[in-house]
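Colleague: quick one, what's the 3D model for this:
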Amino acid sequence: MAPGNFTRVTEFILTGVSERPDLQIPLFFVFLLIYGLTVAGNLSIITLTSVDSQLQTPMYFFLRHLAVINLGNSTVIAPKMLINFLVKKKTTFYYECATQLGVFLVFIVAEVFMLAVMAYDRYVAICNPLLYMVVVSRRICLLLVSLTHLYSFSVAVVASSSVFSVSYCSSNVINHFFCDIAPLLALSCSDTYFPETVVFILAATDLIFSIVIVAASYFNIVLSILRIHSSEGRNKAFSTCASHMMAVTVFYGTMLFMYVQPQTNHSMDTDKMASVFYTVVIPMLNPMIYSLRNKDVKAALKRFLTNSCRYFKSM
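Modeller: As a prediction, the model looks like this:
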């Protein structure tokens with residue numbers, strides 16, 4: 001058909017998490033609670049690792065940046081999702097949709113590599129403890145974080161530009177609760193081979209590269225732990241990376257399920273549920289995973305609350 005027979009899309013309509021009217025209000029309160037816990041948990045991690053003098057190590061420096069990423073990732077998605085639970089027409093403008101996708105990709109790619117950086121940090125701490133503060137110096141920490149954010153921004157620009165380089169005509173109902181790649185490309189009225197290929201290559205490369213770093217780090221960590229003769233020493237070494245291993249397993253498992261598969265194999269409903277998990281649930285869980293099992297964070301929280309109470313009493 002000639003291009004003149006198509007009407008160019010200027011806005012999209014999101015179907016949301018569920019199209020059932022009776023579930024909109026209950027889902028609103030569920031996700032409002034999840035988002036509230038996400039904001040509170042990640043802001044707590046950011047605050048504690050910024051102000052507490054005993055949490056000024058590379059591990060907590062990286063944890064603070066992971067919390068910033070989790071907070072940003074959830075904030076890109078959750079507020080719009082919550083609004084859509086309360087309105088009948090769940091519309092989003094074309095450029096608003098493109099912006100949401102681009103910013104979401106910045107945070108999600110940054111999280112992929114931040115988890116890899118944190119695995120390398122644990123490897124150095126356990127396998128080369130005497131050289132830890134030299135190998136993972138303040139300068140190296142800043143460099144790793146800067147490269148992570150720069151690379152994630154570059155990937156987001158390339159991927160989102162390729163997704164919105166195709167034409168969207170007539171059909172504008174996105175079977176999702178936010179502007180994600182797969183449901184967007186499903187609406188295109190032009191050939192999607194180029195953006196699908198670009199997204200597949202970027203996603204596969206990023207995940208494989210980061211997973212190799214994580215796997216190599218933890219392989220050496222396990223070998224080092226097994227060489228420790230005392231059970232107390234082994235437990236202490238394992239406890240320093242158990243939380244990160246849990247977070248890595250959950251996050252990478254979901255991402256592999258979502259993106260490293262051909263477009264034709266996608267089930268939109270299944271992908272939607274997986275997306276709920278890594279966009280709003282994981283950012284809520286990470287602060288719990290890293291704090292509930294961490295004595296230093298719990299002690300820092302106690303000191304912070306004690307000092308805050310003393311401050312307000314002295315006013």
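Colleague: now do the helices in this protein.
Modeller: Using DSSP state H, the helices assigned to the chain run over residues 24-51, 58-86, 94-127, 132-135, 138-163, 181-185, 193-227, 231-259, 268-276, 282-292, 295-314.
Colleague: can I get those helices in JSON lines with distance to Val173 and mean pLDDT?
Modeller: Where C-beta positions appear, they are placed from N, C-alpha and C, glycine not excepted. As requested, the helices of the chain are arranged in JSON lines below (distance: least, Cβ to Cβ, whole Å; pLDDT from 0 to 100):
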{"stretch": "helix 24-51", "distance to Val173": "17", "mean pLDDT": "95"}
{"stretch": "helix 58-86", "distance to Val173": "13", "mean pLDDT": "95"}
{"stretch": "helix 94-127", "distance to Val173": "12", "mean pLDDT": "94"}
{"stretch": "helix 132-135", "distance to Val173": "52", "mean pLDDT": "90"}
{"stretch": "helix 138-163", "distance to Val173": "17", "mean pLDDT": "96"}
{"stretch": "helix 181-185", "distance to Val173": "9", "mean pLDDT": "90"}
{"stretch": "helix 193-227", "distance to Val173": "19", "mean pLDDT": "91"}
{"stretch": "helix 231-259", "distance to Val173": "21", "mean pLDDT": "77"}
{"stretch": "helix 268-276", "distance to Val173": "11", "mean pLDDT": "78"}
{"stretch": "helix 282-292", "distance to Val173": "27", "mean pLDDT": "86"}
{"stretch": "helix 295-314", "distance to Val173": "44", "mean pLDDT": "78"}
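Colleague: I'd like these as JSON lines, with mean neighbour count and distance to Val17 appended.
Modeller: Output for the helices of the chain, formatted as JSON lines (neighbours: other Cβ atoms under 10 Å; distance: least, Cβ to Cβ, whole Å):
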{"stretch": "helix 24-51", "mean neighbour count": "17", "distance to Val17": "6"}
{"stretch": "helix 58-86", "mean neighbour count": "21", "distance to Val17": "7"}
{"stretch": "helix 94-127", "mean neighbour count": "21", "distance to Val17": "16"}
{"stretch": "helix 132-135", "mean neighbour count": "14", "distance to Val17": "44"}
{"stretch": "helix 138-163", "mean neighbour count": "16", "distance to Val17": "22"}
{"stretch": "helix 181-185", "mean neighbour count": "22", "distance to Val17": "13"}
{"stretch": "helix 193-227", "mean neighbour count": "16", "distance to Val17": "23"}
{"stretch": "helix 231-259", "mean neighbour count": "16", "distance to Val17": "16"}
{"stretch": "helix 268-276", "mean neighbour count": "16", "distance to Val17": "6"}
{"stretch": "helix 282-292", "mean neighbour count": "20", "distance to Val17": "16"}
{"stretch": "helix 295-314", "mean neighbour count": "12", "distance to Val17": "32"}
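Colleague: out of these, flag the one nearest Cys169.
Modeller: Across these, Cys169 has its closest neighbour in helix 94-127 (11.9 Å, Cβ to Cβ).
Colleague: what angle do that closest one and helix 231-259 make?
Modeller: Here helix 94-127 points in a direction 160 degrees away from that of helix 231-259 (axes from the mean of the first three to the mean of the last three Cα atoms, to 10 degrees).
Colleague: still on that earlier bit, among the helices of the chain, which is nearest Val9?
Modeller: Here helix 94-127 is closest among these (Cβ to Cβ), at 6.3 Å.
Colleague: and that closest one, what does it pack onto?
Modeller: Secondary-structure packing of helix 94-127 (3 or more Cβ pairs under 8 Å, 6 or more residues apart in numbering; DSSP states H and E): strand 11-14, helix 58-86, helix 132-135, helix 138-163, helix 181-185, helix 193-227, helix 231-259.
Colleague: I'm done for today, thanks for sticking with me.
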